[in-house]
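*Asks:* What shape does this take:
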Amino acid sequence: MHKLTAMQLDALAESGNISMGSAATALSHLLGHKVEITTPRLTYTTLEKVRASYPLPCILIRVRYHKGLEGSNLFILSDRDAGMVANMMMGDPDLPLPDELDDLYLSAVSEAMNQMMGSSATAMSEMFSRVVDITPPEIEYVNLAADTPIGELADNVEVIQIAFDLKVGDYISSQMLQILTLDFAKQLVDELLCVVSGESLPEEPALSADEADTLAEIGNIFMGSAATALSQLLTKQVNITTPRVSISTLRQIRDQFPEPCVVVTVEYLQGLTGDNLLIISQRDATVIAALMMGEEADSPADLDEIRISAVSEAMNQMAGAACTSLAEIFYRNIEISPPQTEYRTLGEDGAAEKKLDELLVKLSFRLRVNGLIDSEIVQLIPFIFAREMVRVLLEAMGGTPQQSPQFAFEPFPEPAPAPEPILAPLDFEPVLAANVPHWRQEVVGASYQEGTVQLDLIRDIPVQVTGLLGRRTVKLKELMAVSAGTVLELESTAEVPVDILANGKLVARGEVVVYNNRFGIKITDIIEPWQRN
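*Replies:* Residues are numbered from 1 along each chain as shown. Predicted structure coming up:
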């Protein structure tokens, strides 16, 4: 990719100046000390050179943009500076710093970075005249003198380094680095220059909120079944989180996976027409292969033909399980071809330039395997096929006419009035949380069920139900003083009903009761769908 012009570099520096100025203000409020972050200095470099000039333990902060911008960047802060920030948050900047930051220090630094990056995203929203959202910053404690990977980029990839002088009262006078890929830097510059000139970027198709939510749920069910199959295959606990949905291109994804990776192509033969890709990093694939072959997973070997074959079998099992789950929610038979597993660099298969810039829906999942893998697995769906999947699912769920090109989530008709049943308290565990697979199943009338037979397909999906007594925000130093016998006063009063959350969504309120020698909640109020956040 061509380097940025002098004008583009100036625009990038100004963008960094504004966003980090807001971050400095947020940090100042948090620490109670004056914070200065100076005008940035931009240089072209590689991660290998960053290691050489910064050979000491440090904190890596990875910030991913999921709305308004597409991409991620890295911030690097020395462990001493991070420790001083944590001490200030705990109320005593003169505390001696440990030789190695423990979980308490890292938690404090994570909260500080969260506040800073949130404020920075707000400033960028104002600057770009659009909503810019980020995921919670990911914190990693590494030693750059070692061969530990820096983020997801290879050491020889050219990047832009933005160096800020960081001063906090009389305690910190140091440097903080920001690392940007060339593609993401150019995206920032193009957006900013268009706003300044009053021009608009070419309009691209976008997903509505309903479409994004539906695709996230499809991905959640797809990868949830795949995770179960992988767990049984590896005899290890496998967790895959709810995905982040965004629009991207293969060119942008290639920057995230610059090294060879495992690319799995899944083609639909019946029920749906299209294909999608699963992308797994080389390291994650080697760990999966090692576990399947009975080898030590903490020092996996290179991916040879035998190990690629093992990974291919794992992908075959995962895709088969996922296909079965999709058939249930789409209410139709769905068949796929055997997944094609390749070990290659993205874009080196002779893909035409047009194909590299084709719009894709990107679903990013966090993959964790019993302490051996904590990484990201990416699912790519062609934009047109993604919209077709949404249309087909909504037709199966709500009976939308086949010929209609428009679709939306329609509320179900209200059930006919029926005598109010007496609700027994939900059987909650002492921590007020349980899996309740049949939420409100007893109180729906026959008229509700007749037109929505397809709902039976998803009634057995477990829903995490939580009873929330209340919340309270405390300073870290207060939390450190907590001991056995300490009473934490919540913001809620005794008369206020307890919130009942289903998968984190408020669905009802009620009163705490004792039922069969267990705590339970007697439901007093149902929150209607239109009232929920």
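*Asks:* show me where the stretch 351-500 of the chain has helices.
*Replies:* 353-356, 383-398, 446-450, 476-480 (DSSP state H, counting those that start in this stretch).
*Asks:* Comparing the ones you listed by mean pLDDT, which bottoms out?
*Replies:* Per-stretch mean pLDDT for these is lowest at helix 446-450 (a mean of 37).
*Asks:* Make a markdown table out of the helices of the stretch 351-500 of the chain and add mean neighbour count and distance to G32.
*Replies:* In short, each C-beta sits where N, CA and C put it, glycine included. Output for the helices of the stretch 351-500 of the chain, formatted as a markdown table (neighbours: other Cβ atoms under 10 Å; distance: least, Cβ to Cβ, whole Å):
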| stretch | mean neighbour count | distance to G32 |
| --- | --- | --- |
| helix 353-356 | 11 | 49 |
| helix 383-398 | 19 | 48 |
| helix 446-450 | 12 | 56 |
| helix 476-480 | 13 | 12 |
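*Asks:* For F383, see how far away H29 is.
*Replies:* Going from H29 to F383 by Cβ to Cβ, to the nearest Å gives 41 Å.
*Asks:* quick one, which of the helices of the stretch 351-500 of the chain is nearest to T46?
*Replies:* Within these, the stretch nearest T46 is helix 353-356; the backing value is 23.0 Å (Cβ to Cβ).
*Asks:* Looking at the spatially closest residue to V238 that is not a sequence neighbour now. What's its pLDDT?
*Replies:* In this structure, V238 finds its nearest non-sequential neighbour in S231, 4.0 Å apart by Cβ to Cβ, 6 or more residues apart in numbering. If you check S231, the pLDDT there is 88.
*Asks:* Wasn't S231 part of a helix?
*Replies:* Yes: assignment of S231 by DSSP: H, G, I helix; E, B strand; the rest coil places it within a helix.
*Asks:* Look up how far I280 lies from it.
*Replies:* 16 Å.
*Asks:* Between those two, point out the one with more neighbours.
*Replies:* I280 (26 against 16; other Cβ atoms under 10 Å).
*Asks:* check contacts around that one.
*Replies:* By Cβ atoms under 8 Å, 6 or more residues apart in numbering, the contact list for I280 reads C261, V262, V264, I288, V311, I377.
*Asks:* so where's the stretch 401-533 of the chain shaky on pLDDT?
*Replies:* Along the stretch 401-533 of the chain, segments meeting pLDDT under 70 span 401-461, 529-533.
*Asks:* quick one, strands of it?
*Replies:* 426-427, 433-435, 464-468, 498-502, 505-515, 518-526 (DSSP state E, counting those that start in this stretch).
*Asks:* Now render the ones you listed as CSV, adding distance to D99.
*Replies:* CSV is the format used below for the strands of the stretch 401-533 of the chain (distance: least, Cβ to Cβ, whole Å):
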stretch, distance to D99
strand 426-427, 49
strand 433-435, 39
strand 464-468, 39
strand 498-502, 41
strand 505-515, 44
strand 518-526, 44
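*Asks:* Kindly reformat the ones you listed as a markdown table containing mean neighbour count.
*Replies:* A markdown table is the format used below for those (neighbours: other Cβ atoms under 10 Å):
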| stretch | mean neighbour count |
| --- | --- |
| strand 426-427 | 16 |
| strand 433-435 | 13 |
| strand 464-468 | 17 |
| strand 498-502 | 20 |
| strand 505-515 | 16 |
| strand 518-526 | 16 |
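*Asks:* quick one, which of these is nearest to S129?
*Replies:* The closest of the strands of the stretch 401-533 of the chain to S129 is strand 505-515. By Cβ to Cβ, the value is 30.9 Å.
*Asks:* Name the strands paired with that closest one and say parallel or antiparallel.
*Replies:* Its sheet considered, strand 505-515 pairs with strand 498-502 (antiparallel), strand 518-526 (antiparallel) by DSSP bridges.
*Asks:* Could you dump those into CSV and include distance to Q175?
*Replies:* Output for these, formatted as CSV (distance: least, Cβ to Cβ, whole Å):
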stretch, distance to Q175
strand 498-502, 43
strand 518-526, 52
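*Asks:* Which one, of the ones you listed, ends up nearest to I172?
*Replies:* With Cβ to Cβ, the closest approach to I172 among the strands paired with strand 505-515 belongs to strand 498-502: 40.0 Å.
*Asks:* How about residues contacting the closest one?
*Replies:* Contacts of strand 498-502 (Cβ under 8 Å, 6+ apart): 432, 436, 439, 463-469, 506-512, 521, 523.
*Asks:* which ones are touching V311?
*Replies:* Under the criterion of Cβ under 8 Å, 6+ apart, the neighbours of V311 are V262, I280, A285, I288, A289, M292, L303, T341.
*Asks:* how about 10 Å then?
*Replies:* 262, 264, 280, 284-289, 292, 303, 341, 343 (Cβ atoms under 10 Å, 6 or more residues apart in numbering).
*Asks:* okay if I get the residues you listed as JSON lines plus distance to A502?
*Replies:* Listed next are those as JSON lines, based on distance: Cβ to Cβ, whole Å:
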{"residue": "V262", "distance to A502": "36"}
{"residue": "V264", "distance to A502": "33"}
{"residue": "I280", "distance to A502": "32"}
{"residue": "D284", "distance to A502": "32"}
{"residue": "A285", "distance to A502": "36"}
{"residue": "T286", "distance to A502": "39"}
{"residue": "V287", "distance to A502": "34"}
{"residue": "I288", "distance to A502": "33"}
{"residue": "A289", "distance to A502": "38"}
{"residue": "M292", "distance to A502": "36"}
{"residue": "L303", "distance to A502": "42"}
{"residue": "T341", "distance to A502": "37"}
{"residue": "Y343", "distance to A502": "41"}
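*Asks:* So which of those residues wins on neighbours?
*Replies:* Highest neighbour count within those: I288, with 29 neighbours (other Cβ under 10 Å).
*Asks:* Roughly how far does that residue sit from M89?
*Replies:* 39 Å.
*Asks:* what's across from L360 in the sheet?
*Replies:* With DSSP bridges as the rule, L360 is bridged to S248, P382.
*Asks:* I am finished for the moment; much appreciated.
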